[in-house]
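**Q** Sharing a model that was predicted from the sequence below.
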Amino acid sequence: MSGPPTPEHVLDAQGNSSPCRKDEDAREGTQSSHRMLGFSDALLSIIATVMILPVTHTEISPEQFDKSVQRLLATRIAVYLMTFLIVTVAWAAHTRLFQVVGKIDDTLALLNLACMMTITLLPYTFSLMVTFPDVPLGIFVFCVCVIAIGVVQALIVGYAFHFPHLLSPQVRCSAHRALSRRHILHLVLRGPALCFLAAIFSLFFFPVSYLLMVTVIFLPYISKASSWCRDRLVGRRDPPAPSAEVFSFDLHEPLSKERVEAFSDGVYAIVATLLILDICEDNVPDPKDVKEQFRGSLVAALGAYGPHFLAYFGSFATVGLLWFAHHSLFLHVRKATQAMGLLNTLSLAFVGGLPLAYQQTAAFARQPEDELERVRLSCAIVFFASIFQFAIWTAALLRQAETLQPAVRFGGQEHAFMFAKLALYPCASLLAFAATCLLSRFSTAIFHVMQIAVPFAFLLLRLLVRLVLATLRALRSLRPPQPLPSQAPEEAQSRLLPSSC
């Protein structure tokens, strides 16, 4: 007869800790790490998204717009994408870390706050990098911050394994605890190790530093590819012990769907917030200008900012509808694969660039002579943000039995609707870009028509998909039936006569 459950296994129907568990944690001076992990997720999503601010505040001279855009695309946007992806790598490592650490005490909480404080310095170091691209100090300071993050995470690992009651039950009860510690240390330190080399190279040849920092992003995929090649050349290695397989922290295993959704929702929410912050900062009239230029009429002064508010509403609608498409997709996702995680990160990186698209469209009224280039830049950002969403679904279809609900698989009842929903923004932005090449004089009108038409198309999308499918079925029914293969007369006659005994 089994004894009563121990306090650490007393959970309610929702998986929450029971009062017995909470009393036990109170006596030990610990608490669950879930809330701190949620706080860290929110902070990391904010830090990743505000990286775009130094890019959006770039002053573009009207006389040299083409050169300015080339410099913007070649340096600032490229560096932004790199640093955004590095922050997502740090977020993934931090999430893996707190799969090992199940509970926290005051010391661990302070160590995590030190890690978060170091992460909050990354946007400042990014500003140095994009403002002084030819000076290695910005790269060096950025790398030092990443190294400090890795050191603090390693201290968290060492402290938690020194006090095993802080570990998750799977690790605490495992006979391979030392193996788990080496595994998680390797996970959190290999990125900072590459940044250490990048910091050294920044002192005398900084292009190599950028190459090493890009390697940090793709290191899990490089490691997986090298493991595949090694297995093909020398044979597959023996699998680990069963007790070590129970709780794996391998980066080859994707993060859970719930963690990906939480981080993605944070990025979308922050991007939407950044848009209104720009409105509050740039579109509040100065009292002196209201008095001198508009004769004290605040309504007339606000009317001058009408195009800016139009750009805001269009940009917010774009962010909101992209989030809705992302939400609809992951509603039907069972499991996120590693390829889907990478594509989602790339999509979020361009979603983070939507405040830059807003700044470009808000500048139509101020600098109409540059509207063609600004429209094309905005269309490109929207296209890449949405096409990577479509690519997520495409990657999921390759392994649809494992990753997708039956409704959105090939032949499912929602397959065509999901296809149309995810293809709407890529097609609209690409069509607007192509239209500006043919009708460059009407580039602003074309862009505004796209911003207005897409939300209405979303509202009518299900009806339009049904009409298209009904039309295709009707056209298919109008085709003459295919004749059956002809049979020889003797064979047909023999089938009509009864068989003889």
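**A** All right, it came through fine. Everything numeric here is computed off the predicted structure, so don't read it as measured data.
**Q** Any regions of the stretch 201-350 of the chain where pLDDT drops low?
**A** 235-254, 278, 281-286, 289-290, 292, 294-296, 304-307 (pLDDT under 70).
**Q** what ranges do the helices span in it?
**A** 206-234, 242-245, 257-282, 287-293, 298-303, 306-331, 338-351 (DSSP state H, counting those that start in this stretch).
**Q** just those helices: most buried one?
**A** helix 338-351 (a mean of 23; mean count of other CB atoms under 10 Å). (C-beta placed from N, C-alpha, C; glycine too.)
**Q** how distant is that one from the center of its chain?
**A** 4 Å (CA atoms, centre = their mean, to the nearest Å).
**Q** try stretch 208-226
**A** For stretch 208-226 - counting by CA atoms, centre = their mean - the centre lies 18 Å from the chain centre.
**Q** Check stretch 390-405 too.
**A** 17 Å.
**Q** could you dump that stretch to CSV, C-alpha only?
**A** This file holds the C-alpha atoms of stretch 390-405, laid out as CSV (Å, rounded to 0.1, in the frame of the first residue of the first chain):
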residue,chain,number,x,y,z
PHE,A,390,3.7,32.0,-44.3
ALA,A,391,7.0,30.1,-44.2
ILE,A,392,6.2,28.9,-40.7
TRP,A,393,3.0,27.2,-41.9
THR,A,394,4.9,25.8,-45.0
ALA,A,395,7.5,24.2,-42.7
ALA,A,396,4.7,22.8,-40.5
LEU,A,397,3.0,21.2,-43.5
LEU,A,398,6.2,19.3,-44.2
ARG,A,399,5.7,17.4,-40.9
GLN,A,400,1.9,18.0,-40.6
ALA,A,401,1.1,14.8,-38.8
GLU,A,402,3.4,15.9,-36.0
THR,A,403,2.9,19.7,-36.0
LEU,A,404,-0.6,20.6,-37.1
GLN,A,405,-4.2,20.0,-36.2
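**Q** just the angle between the longest helix anywhere in the chain and helix 306-331, please?
**A** If you go by DSSP state H, the chain has its longest helix at helix 443-478. Angle of helix 443-478 versus helix 306-331, following axes from the mean of the first three to the mean of the last three CA atoms, to 10 degrees, is 40 degrees.
**Q** quick one: average pLDDT of helix 443-478?
**A** For helix 443-478, mean pLDDT is 80.
**Q** For it, buried residues please.
**A** S443, T444, I446, F447, H448, M450, Q451, V454, A457, F458, V465 (16 or more other CB atoms under 10 Å).
**Q** Could you count how many residues lie near the nearest residue to the second one once chain neighbours are set aside?
**A** Take T444 and drop its neighbours on the chain: the residue closest to it by CB to CB, 6 or more residues apart in numbering is E371, 4.9 Å away. Here the neighbour count serves as a burial measure; for E371 (other CB atoms under 10 Å) it reads 22.
**Q** Helix or strand: which one has E371?
**A** Applying DSSP states H and E as the criterion places E371 in helix 371-398.
**Q** what packs against that helix?
**A** helix 65-71, helix 306-331, helix 338-351, helix 354-362, helix 415-438, helix 443-478 (3 or more CB pairs under 8 Å, 6 or more residues apart in numbering; DSSP states H and E).
**Q** right, and the ones you listed - which one's nearest F126?
**A** helix 338-351 (13.3 Å; CB to CB).
**Q** for I86, what are its contacts?
**A** When contacts are counted by CB atoms under 8 Å, 6 or more residues apart in numbering, I86 touches V146, G191, M213, V216, I217.
**Q** again, 6 Å this time
**A** V216 (CB atoms under 6 Å, 6 or more residues apart in numbering).
**Q** pLDDT wise, what is it at?
**A** Reported pLDDT for I86: 88.
**Q** Equivalent analysis for R27, please.
**A** pLDDT, read off for R27, is 50.
**Q** any idea how far H165 is from R96?
**A** Here H165 is placed at a distance of 20 Å from R96 (CB to CB, to the nearest Å).
**Q** Of the two, which one has the most company?
**A** Higher neighbour count among H165 and R96: R96, with 20 against 14, using other CB under 10 Å.
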